[in-house]
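Visitor: A predicted structure for the sequence below; I have some questions about it.
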Amino acid sequence: MSTRTRSRRDLKLRRRLVVASFLLAAGALVGRAVELQLHESEFLQGHGDARYLRTDQIHANRGMVLDRNGEPLAISTPTQSAWIKPADFITERERWGELAETLNVSVAQLETLVMPRLERKFVYLRRHLTPDEGAAIRELDLEGVGLQQEYRRFYPEGEVAGHVLGFTNVDDRGQEGIELAFEEQLRGQPGLRRVIKDRLGRVVEDVERLHPIRPGQDIVLSIDERVQYVAYRALKNAVHAERARAGSMVIVDPHSGEIIALVNQPSFNPNNRADRKVSHYRNRAVTDLFEPGSTIKPFTVAIALESGRYAPDTAIETTPGYFKVGRNTVRDVRNFGTLDVAGVIEKSSNVGASKIALSLEPETLWRGLRSFGFGSLTDVVLPGETYGRLNDYANWSDIEHATLSFGYGMSVTAVQLARAYTVLANDGWLQPLSIVRRDEPVARERVLSAETARNVRRMLERVVVQGTAQQAAVPGYTVAGKTGTVHKSVDAGYAEHRYLSLFAGMIPAREPRLVAITVIDEPDGGEHFGGRVAAPIFASVMREATRILNIPPDALGEPAAPTVWLAGALPSTSSEEAAP
Amino acid sequence: MRLLAVAVLVGLCAFASAVELVLNRHASRKLFVELQSLRDTQQQLDQEWGQLLLEQATWATHVRVEGIAREQLGMVTPAPRQVVELR
């Protein structure tokens, strides 16, 4: 009995002992847990995170540049760049020969790259490898040589749209043209995210987005790549045939103000970095100034018609073919006798234009020219656009007043001249030009009455039918236009045998769908008249452009009707129609 | 007695929820890995699309098409009098 009670007491004791030690152990665990949680949690969390939390950059693709029909003009694609870590790379010295062979360089060249940079941790070996080169380098598997994914810009059309598009540098940043002007939209913003990675570097969990990714936007240009190509080819052939220094052509849709084509010569291929000489990639049509010469006469006449002092058939005496202004003499090519206002344009009489201009107040002429946009930017967002020059009328001398009427003493860019002609083509409305596609009409300003614009267009039509621009004719269409042959100004006055050949035209003349400016700088092929050099380029481009853009012919076998002037040519009385 | 039963029940619930959490967490990681690989595929396809677009544009370059049309196929632009307009 006593043994039984003793053993029971024993058992009780042992049980208490076991429970107590369990409780103690549990208490110790809880205590430790509390300590870790409360006191050291920050330290531990930090260390834990450092072992598997990583910040990852997500590449934002650069946007594409498309033409108005969605054809790609600039695309970014991934390429690989090879880099080396010199300290590791040096250990593979005996295999440098293989690498040199892959990259098509000599071992000595590798040495000059590596030896001065031994301290560095990262040196580019070559950027933007071809896929074959990349594969070959991966195959070699050299110590200290790595590949890195980068992006490179490609321009499928090459030279054709080089000046419009511009190019990016090796880091994919825009340097010229659209690439520079729309850098912000095209580039996008790389995203940053914090992730958990496992032992093998795979992302297991997205913890948070530090910075949302914003891929680059696509830019849709107003350029029609097919017309662009036709213009490019015609201009290139002409500049070559005329042995000219340079040339530009701008084609604009007068209703929307969109630039349909913009080409320059000499050109460059934006895919080829070695090809980039400043003189080649300068976008002459927006940066280069020239005196517009006779291509200004339609505007002088338009201002005269708007003033109410002239009608298209007002007679102007140009005999004897020259005329003195102070100590200077304004000359015509020959004596044209008595002309009407339309005849001044058709024969391109400097004397007639000067007489008209001198009968107008300087302020009227100046305000008129300003209202066509001369001396101000066209708002086409291409880098390097220049203002042009139109001096204030307060400082004009008589000869300046006279020469302005035929385009000397002021300077313009090709895009500016194109915009001014869109006013004539678009029944008197001035609107900013655009290099990106316009899906909605923009604010426009009336600077000329519709009657005046139409009358000037009819005069310009006669220039092509029977005047100086007969080579601008396009079969099946009515064409209006004006030629210009400008003596280039040099330091001491005007150069005797250096010319600029110009043609400004629109098609169809009755309801213009396209306006084009052609500039050929210093033609040296025996011809220098705008009507012989620049007008044929217009004709050859428009023959194809009308077909491409489906512009219906408006003069099929129709005999040329005698010109009828619109009655409303004299100043319109309604105030909203009046030119400012 | 009643209190004990409630405590056990709550304990069981807590345990079940803990297990559930672990399972969900695992499932979420698995789904995330899948999402990740799909994103990789998407990027790959995007890049391939870009390359194909580039290739297509290169084949369709006007210089090339015109050269083939004129030289290999002997095509010419019709003269205006060869064109009949239908209205």
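Guide: Looks like it arrived, so ask away.

Visitor: Quick check: B:Met75 vs A:Val107, distance?
Guide: 52 Å (CB to CB, to the nearest Å). Quick note: C-beta positions are derived from backbone N, CA and C, even for glycine.

Visitor: Show me the shaky parts of the stretch 151-300 of chain A.
Guide: A:199-202, A:204, A:275 (pLDDT under 70).

Visitor: repeat that for 90
Guide: A:151-154, A:156-159, A:167-176, A:187-216, A:242, A:265, A:268-282 (pLDDT under 90).

Visitor: interface residues of it facing chain B?
Guide: Neighbours of chain B within the stretch 151-300 of chain A, by CB under 8 Å from any CB of the partner chain: A:154, A:156-158, A:160, A:202-206, A:225-226, A:229.

Visitor: mind running it again at 10 Å?
Guide: A:151, A:154-160, A:195-196, A:198, A:202-206, A:215, A:225-226, A:228-230, A:232-233 (CB under 10 Å from any CB of the partner chain).

Visitor: Filter those down to the ones in helices?
Guide: Among those, DSSP state H puts A:Glu225, A:Arg226, A:Gln228, A:Tyr229, A:Val230, A:Tyr232, A:Arg233 in helices.

Visitor: circling back: which of the residues of the stretch 151-300 of chain A next to chain B are buried? Put it as a ChimeraX command.
Guide: In ChimeraX, this line selects whichever of those come out buried by 16 or more other CB atoms under 10 Å in any protein chain shown:
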select /A:151,154,155,156,157,158,159,160,195,196,203,204,205,215,225,226,228,229,230,232,233
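
Visitor: Of the residues of the stretch 151-300 of chain A next to chain B, which belong to strands?
Guide: With strands defined by DSSP state E, the entries of those inside them are A:Tyr151, A:Phe154, A:Val195, A:Ile196, A:Val203, A:Val204, A:Glu205, A:Asp206.

Visitor: Now the last one: closest residue in space, sequence neighbours ignored.
Guide: Using CB to CB, 6 or more residues apart in numbering or on different chains and skipping the chain neighbours, the partner closest in space to A:Asp206 is A:Val195 (5.7 Å).

Visitor: and what of the fourth one?
Guide: Nearest-residue entry for A:Ile196: A:Glu205, 4.2 Å, with adjacent residues in sequence omitted and distances by CB to CB, 6+ apart.

Visitor: I'd say that neighbour and A:Val195 touch.
Guide: Yes. Counting by CB atoms under 10 Å, A:Glu205 does reach A:Val195; the two are 6.5 Å apart.

Visitor: Between the two, which contacts overlap?
Guide: Residues within reach of A:Glu205 and of A:Val195 at once, by CB atoms under 10 Å, 6 or more residues apart in numbering or on different chains, are A:Tyr52, A:Leu53, B:Phe32, B:Gln36.

Visitor: report the longest helix in the chain, please.
Guide: Just so you know, I chose chain A. From DSSP H, the single longest helix across chain A is helix A:2-38.

Visitor: ah, no, chain B please
Guide: Assigned via DSSP H, chain B shows its longest helix as helix B:2-59.

Visitor: for it, packing partners?
Guide: If you count contacts as 3 or more CB pairs under 10 Å, 6 or more residues apart in numbering or on different chains; DSSP states H and E, helix B:2-59 packs onto strand A:72-84, strand A:145-154, strand A:191-197, strand A:203-211.

Visitor: The helix or strand following that helix and chain A, any residue contact?
Guide: Next along the chain after helix B:2-59, taking DSSP states H and E as the criterion, comes helix B:62-67. Yes. Helix B:62-67 is in contact with chain A by CB under 10 Å from any CB, via B:His62, B:Val63, B:Val65, B:Glu66.

Visitor: tell me the centre residue of the chain?
Guide: Reading this off chain A. Centroid check for chain A by CA atoms, centre = their mean gives A:Val164 as the closest residue, at 3.6 Å.

Visitor: How much space separates A:Val490 from chain B?
Guide: 37 Å (CB to the nearest CB, to the nearest Å).

Visitor: make that A:Tyr477, sorry
Guide: In this view, A:Tyr477 and chain B are 10 Å apart by CB to the nearest CB.

Visitor: residues contacting that residue?
Guide: Counting by CB under 10 Å, 6+ apart, A:Tyr477 has contacts A:464, A:507-510, A:513, A:539, A:542-543, A:546, A:551-556, B:80.
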